[in-house]
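Undergrad: Let me see the structure of the following:
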Amino acid sequence: MDTTRPKDLITTREAIKILHISPSTMSRLIKDGVLNHYADLLDKRVKLVSRIEVEALKAQSRKAA
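TA: Numbers count the residues shown, from 1 in each chain. Predicted structure coming up:
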């Protein structure tokens, strides 16, 4: 059992909707290390991110605005 994988993983599509950003911005956030990503165990093409990290990033962007 992999204890390093967060339990609250969501797809990048869900994260895009939560953050109200474009897919290219999501890709950049992952590439730049702003959001950690994990491969879906059933489909390696699907990237997953932590809902907690996404919500924290959303809160951070609200404070900056």
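Undergrad: Going by C-alpha atoms from here, please, whenever you check contacts or count neighbours.
TA: OK.
Undergrad: for the chain, what spans make up the helices?
TA: 12-19, 23-31, 51-64 (DSSP state H).
Undergrad: Find the residue at the geometric middle of this protein.
TA: When CA atoms, centre = their mean is applied to the chain, the residue found nearest the centroid is Val49 (3.3 Å).
Undergrad: residues near the nearest residue to that one once chain neighbours are set aside, how many?
TA: Leaving aside its sequence neighbours, Val49 sits nearest to His37 (CA to CA, 6 or more residues apart in numbering; 4.8 Å). By other CA atoms under 10 Å, 20 other residues sit near His37.
Undergrad: What does the pLDDT read for His37?
TA: In this model, His37 is scored at 95, pLDDT.
Undergrad: now swap in Asp2 and tell me
TA: pLDDT, Asp2: 52.
Undergrad: Out of the helices of the chain, which gets nearest to Asp43?
TA: helix 12-19 (13.4 Å; CA to CA).
Undergrad: Next, the buried residues of that closest one.
TA: Thr12, Arg13, Ala15, Ile16 (16 or more other CA atoms under 10 Å).
Undergrad: Mind listing residues that contact that helix?
TA: The contact list for helix 12-19, computed with CA atoms under 8 Å, 6 or more residues apart in numbering, reads Ser22, Pro23, Met26, Lys47, Leu48, Val49, Arg51, Val54, Glu55, Lys58.
Undergrad: and Thr11, what are its bridge partners?
TA: Leu48 (DSSP bridges).
Undergrad: List the contacts of it.
TA: Contacts here follow CA under 8 Å, 6+ apart; on that basis Thr11 touches Val46, Lys47, Leu48, Val49.
Undergrad: Check the spacing between the residue nearest to the centre of the chain and Lys7 real quick.
TA: From Val49 across to Lys7, the span is 10 Å (CA to CA, to the nearest Å).
Undergrad: Over to Ser24?
TA: Ser24 is 25 Å from Lys7, by CA to CA.
Undergrad: With Ala39 instead?
TA: Distance, Ala39 to Lys7, by CA to CA: 13 Å.
Undergrad: neighbour-wise, which of the two wins?
TA: When Ala39 and Lys7 are compared for neighbours, Ala39 comes out ahead with 14 against 10, by other CA under 10 Å.
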